[in-house]
Structure formats: structure tokens, C-alpha cells
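K.L.:
what follows is a predicted protein model with its sequence.
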Amino acid sequence: MAGNRRKSPFRYVLDEPIAFELYIVSLNFTTAPRKPVQAYMHDISRSGCLVSLPLEIPVGHNRICVALDFVLNEEPLHFEGQLRWNKQENGRDYYGVELNVPEDQKDRLQLELRGLAGANRIRVM
């Protein structure tokens with residue numbers, strides 16, 4: 001019987017995007033003012049997520065660190081990460097975020113994802 005050869009974590013596509021606040025923490029190692037940006041999360045995995053923002057951020061060769069405050073089920077979650085890529089589609093800017101999930105939060109994130117699956121709010125890709 002063949003084992004699972006998947007090297008990347010499963011990605012969970014949200015049936016309805018989740019609104020949340022994103023903060024730009026730093027740009028090229030320079031601290032940014034802490035202002036919330038209204039964002040939408042479209043999918044999530046144990047290592048990253050796809051978000052859309054109402055503004056264009058030049059990812060390119062820049063190192064952009066962000067903080068995300070969101071709720072998947074009931075408990076508020078806070079993770080930091082880095083914008084890795086962006087694309088424009090239908091007048092909206094989408095960004096891939098590589099999450100830095102602390103070891104002590106990995107099980108909690110997995111439980112939250114299972115809760116979404118149990119409520120039929122996500123699809124596995």
C-alpha cells in the first residue's frame with residue numbers, strides 16, 4: 001500500500017472568506033506603525049494562508065512581516081508571518097502568507113481546522 005508522499009500541509013479552502021485584521025509589523029526590518037488593515041482569509045494550512053487586502057503591497061524583493069488576528073471558530077488566534085507572494089485578480093490583491101506558528105500553538109491550530117471541517121465550513125485541497 002502506498003503511503004502519503006505529500007510534502008506540504010493540506011490546504012483548507014474556506015467556503016466563506018473570514019474577515020479579520022492584519023497588521024504590517026515591519027518592512028525590510030524597519031518597524032511599521034501598528035494600523036489595522038481589513039483583510040479576508042480565503043484558505044489556510046498549518047504553515048500559511050491566502051488573504052486578500054484592499055491595497056497593493058509590493059512584495060517582490062521586500063521582506064514584509066505581518067500579524068494576523070482572526071477567529072476560525074470561537075477562540076481568537078494571533079499569528080505572525082511573512083508575505084511571500086502576491087497577485088491581482090478581479091480588482092483585489094491576494095497574498096500568500098507564510099505563518100510562523102509557535103510549537104505550543106500547532107495543536108490548537110489543528111483543532112480549530114478540525115472544528116471548521118466538522119462544521120462543513122472548509123474543503124480540503
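P.N.:
Now that the structure is in, tell me what you want to look at.
K.L.:
pairing partners for the helix or strand harbouring residue 52, with directions?
P.N.:
Assigned by DSSP states H and E, residue 52 belongs to strand 48-53. With DSSP bridges as the test, strand 48-53 is paired with strand 36-44 (antiparallel), strand 92-100 (antiparallel).
K.L.:
ok, and for it, which residues are buried?
P.N.:
Within strand 48-53, the residues scored as buried using 16 or more other C-beta atoms under 10 Å are 48-53. To be clear about C-beta, it is placed using only N, CA and C from the backbone, and glycine gets the same treatment.
K.L.:
so how far is that strand from its chain's centroid?
P.N.:
Relative to its parent chain, strand 48-53 has a centroid offset of 5 Å by C-alpha atoms, centre = their mean, to the nearest Å.
K.L.:
whichever helix or strand comes after it: partners in the sheet, and parallel or antiparallel?
P.N.:
Using DSSP H and E, the next helix or strand after strand 48-53 towards the C-terminus is strand 64-71. Under the criterion DSSP bridges, strand 64-71 sits next to strand 12-27 (antiparallel), strand 76-89 (antiparallel) in its sheet.
K.L.:
CA atoms only: put the last one into CSV for me.
P.N.:
Once non-C-alpha atoms are left out, strand 76-89 reads as follows in CSV (Å, rounded to 0.1, in the frame of the first residue of the first chain):
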residue,chain,number,x,y,z
PRO,A,76,-9.3,34.4,18.9
LEU,A,77,-6.0,33.5,17.3
HIS,A,78,-2.9,35.6,16.8
PHE,A,79,-0.1,34.6,14.4
GLU,A,80,2.8,36.4,12.8
GLY,A,81,4.2,35.6,9.4
GLN,A,82,5.7,37.0,6.2
LEU,A,83,4.1,37.9,2.9
ARG,A,84,5.7,35.6,0.3
TRP,A,85,3.9,36.5,-3.0
ASN,A,86,1.0,38.5,-4.4
LYS,A,87,-1.3,38.5,-7.4
GLN,A,88,-4.2,40.7,-8.6
GLU,A,89,-7.4,39.2,-9.6
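K.L.:
which residues touch that strand?
P.N.:
25, 48-49, 56-57, 59, 63-71, 93-101, 105, 108-109, 112 (C-beta atoms under 8 Å, 6 or more residues apart in numbering).
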